[in-house]
Each structure stands twice: as C-alpha cells, then as structure tokens.
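Asker: Quick one, what's the 3D model for this:
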Amino acid sequence: MLIKTLKFILPEKTKFKILGAGRTDAKVSALDAAFELFLWERPLADTTFFLDLFNQNLPPDIRVTAITQTNKEFNIIQNSKMKEYIYLFSYGRKNHPFCAPFIANILDELNLDLMKEAAKKYEGEHDFSTYTARLQENTKSVRTIDLCEIRPNTILTANFFPEKSFALHIKGQGFMRYQVRMVMGALIELGRGGLSLLDIEETLLPNNTIKLTYVAPGSGLLLNTLEFDQTY
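Answerer: Numbering: from 1, shown residues only. Predicted coordinates for the structure are as follows:
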C-alpha cells in the first residue's frame with residue numbers, strides 16, 4: 001500500500017524503492033513502524049507538504065507521523081537496535097465484539113500468576129527454534145530477549161474494553177516469524193493447564209522434542225516501539 005500510494009503521489013517516472021525495518025503478520029498492528037525511502041533523482045523539496053499529501057492518499061488505517069532525511073550510511077534494517085512488541089489479551093469472559101481487532105479473547109480461565117512467572121523464563125539468550133514456523137537452515141534461532149513480562153493493559157483503552165485486560169511486553173533486537181505469537185500461545189496453554197512450567201523451560205533448550213501447536217491470534221499483537229543504534 002505504501003508503494004502504491006508513492007507511485008500515485010510522486011512525479012511520473014520517479015525511480016524509488018522502500019526498505020522496511022521489519023514486517024508484521026496479517027491483523028498485527030504497529031504503533032511505531034518505520035521505512036526508508038530511496039529516491040534516485042532528487043530529494044523531496046518540501047517534506048511538510050509531502051507528509052500531508054502522503055497522508056491524504058493513504059487509507060485510514062495507515063498514518064505517517066514524520067519524515068526525516070537520512071545519510072547514505074544509514075540502513076534501516078542493519079541499524080535497528082530494539083523492538084518492543086505487546087500482546088493484548090483478556091480471559092474468562094467473552095468481550096464486546098468491537099474488541100476483536102485489538103485484544104485476544106481467551107474464554108477459558110487462566111492461571112495468570114503462573115503465566116507471569118513463566119514469561120520471565122524467556123529473558124536472556126535462548127534457542128527459540130521451537131518458537132517459529134518452518135525453521136530455515138540458515139535462520140539464527142539463538143536470540144536474546146531483554147524483557148518479557150505480563151502487566152495490566154495500559155496501552156489501549158476504550159469504553160467497550162473489558163474491565164480487566166493484560167499485556168505481554170517482549171523486547172529484543174529481532175524476532176523470528178511467529179516467535180512472539182508462539183511465546184504468547186505457550187503462555188496461554190500454560191495458563192490453561194496444557195503445559196507445565198518445566199515444559200516451558202525445556203522448549204528453550206537446544207534439540208528439545210516439545211512441539212508447540214498453538215499460535216496466538218494475530219489481532220492481539222502490536223509493534224509498540226522501534227529504536228535505532230545510529231542517529232540519522
């Protein structure tokens with residue numbers, strides 16, 4: 001959609017490409033995303049005007065908040081320092097239907113205290129090969145998680161939200177496909193009683209034989225913050 005809109009608003013035959021800092025699954029939202037725009041012939045003459053024009057032509061569910069000129073050494077993928085994802089969920093009672101795009105609704109009762117304890121197990125360096133779909137041969141499955149904890153939801157609110165909802169905060173330099181959703185899925189299965197705390201610990205060991213089958217719905221996940229290790 002970004003490319004389609006840029007083709008429409010840039011002068012005809014303008015040569016350009018975009019490079020994103022990451023991608024998200026279908027139904028996953030982003031509060032802080034970024035992409036790099038490369039223009040071959042000339043820079044933008046007026047970034048303020050271009051920002052307004054861009055937003056006027058983008059669909060309602062996409063808003064560009066700022067444009068900043070970069071130097072030639074900056075690479076939006078290589079210079080990505082830290083990402084924080086948040087997964088919103090509630091449990092035990094069916095939500096108002098308007099909540100569906102924002103909060104995963106688990107109808108079962110969950111052992112939230114046990115889930116909170118288990119979430120901290122993911123912090124540090126671990127082998128997350130169990131937590132991705134179709135692991136490729138050259139994929140780096142050993143990843144470092146700087147923060148993983150469950151808190152009350154203070155990120156999104158609305159008058160139709162449940163009285164209580166919760167947020168899994170998980171922060172790291174990079175994540176594999178479905179990694180965050182499978183972490184959340186494992187925690188939900190733990191809360192339901194389908195997995196034990198020992199099972200969670202074993203999933204983080206190399207060459208473990210535990211197969212995780214539940215991927216938490218994409219609608220509860222959002223990219224909350226994105227930081228870079230180089231000023232631009």
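
Asker: how does this structure divide into domains?
Answerer: Domain segmentation of the chain under automatic domain parsing yields 2-57, 80-228.

Asker: any weak-confidence spans in this structure?
Answerer: 230-232 (pLDDT under 70).

Asker: Isn't residue 51 up against residue 58?
Answerer: No. Using CB atoms under 8 Å, residue 51 is not in contact with residue 58; the gap is 10.7 Å. Heads up, the C-betas are built off the backbone N, CA and C, glycines and all.

Asker: shared neighbours of these two, which are they?
Answerer: The contact sets of residue 51 and residue 58 overlap at residue 64 (CB atoms under 8 Å, 6 or more residues apart in numbering).

Asker: Using CSV, write down the CA coordinates of stretch 27-47.
Answerer: What follows is stretch 27-47, C-alpha atoms only, in CSV (Å, rounded to 0.1, in the frame of the first residue of the first chain):
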residue,chain,number,x,y,z
LYS,A,27,-4.0,-8.5,11.5
VAL,A,28,-1.0,-7.3,13.5
SER,A,29,-0.9,-3.6,14.2
ALA,A,30,2.1,-1.2,14.6
LEU,A,31,2.2,2.0,16.7
ASP,A,32,5.8,2.7,15.9
ALA,A,33,7.0,1.4,12.5
ALA,A,34,9.5,2.9,10.0
PHE,A,35,10.6,2.5,6.4
GLU,A,36,13.4,4.1,4.4
LEU,A,37,12.5,5.8,1.1
PHE,A,38,15.3,5.9,-1.6
LEU,A,39,14.9,8.5,-4.4
TRP,A,40,17.3,8.3,-7.3
GLU,A,41,17.0,11.7,-9.0
ARG,A,42,16.3,14.4,-6.4
PRO,A,43,15.3,14.7,-2.7
LEU,A,44,11.9,15.8,-1.5
ALA,A,45,11.6,19.6,-2.0
ASP,A,46,9.2,20.1,0.9
THR,A,47,8.8,17.3,3.4
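
Asker: And the contacts of that stretch?
Answerer: 2, 6, 14-22, 24, 50, 67, 69-70, 74-76, 101-102, 155, 217-219, 221-226.

Asker: Which ones among those residues map onto strands?
Answerer: Taking DSSP state E, the ones among the contacts of stretch 27-47 that sit in strands are 16-20, 221-226.

Asker: beta partners for the spatially closest residue to residue 204 that is not a sequence neighbour?
Answerer: Residue nearest to residue 204 in three dimensions, not counting chain neighbours: residue 126, with 4.0 Å by CB to CB, 6 or more residues apart in numbering. Residue 126 forms beta bridges with residue 143, as assigned by DSSP bridges.

Asker: And the contacts of stretch 27-47, which of them are buried?
Answerer: In the contacts of stretch 27-47, burial by neighbour count holds for 6, 21-22, 24, 50, 76, 102, 217-219, 221-224, 226, counting by 16 or more other CB atoms under 10 Å.

Asker: longest helix anywhere in this structure?
Answerer: Determined from DSSP state H, the single longest helix within the chain is helix 179-192.

Asker: Are there helices or strands packed against that helix, and which ones?
Answerer: Counting contacts by 3 or more CB pairs under 8 Å, 6 or more residues apart in numbering; DSSP states H and E, helix 179-192 is packed against strand 80-91, strand 104-106, helix 112-119, strand 142-152, strand 166-172, helix 197-203, strand 221-228.

Asker: I'd like the ones you listed written out as TSV, with distance to residue 37 added.
Answerer: As requested, the helices and strands packed on helix 179-192 are exported to TSV (distance: least, CB to CB, whole Å):
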stretch	distance to residue 37
strand 80-91	16
strand 104-106	33
helix 112-119	37
strand 142-152	29
strand 166-172	26
helix 197-203	40
strand 221-228	16
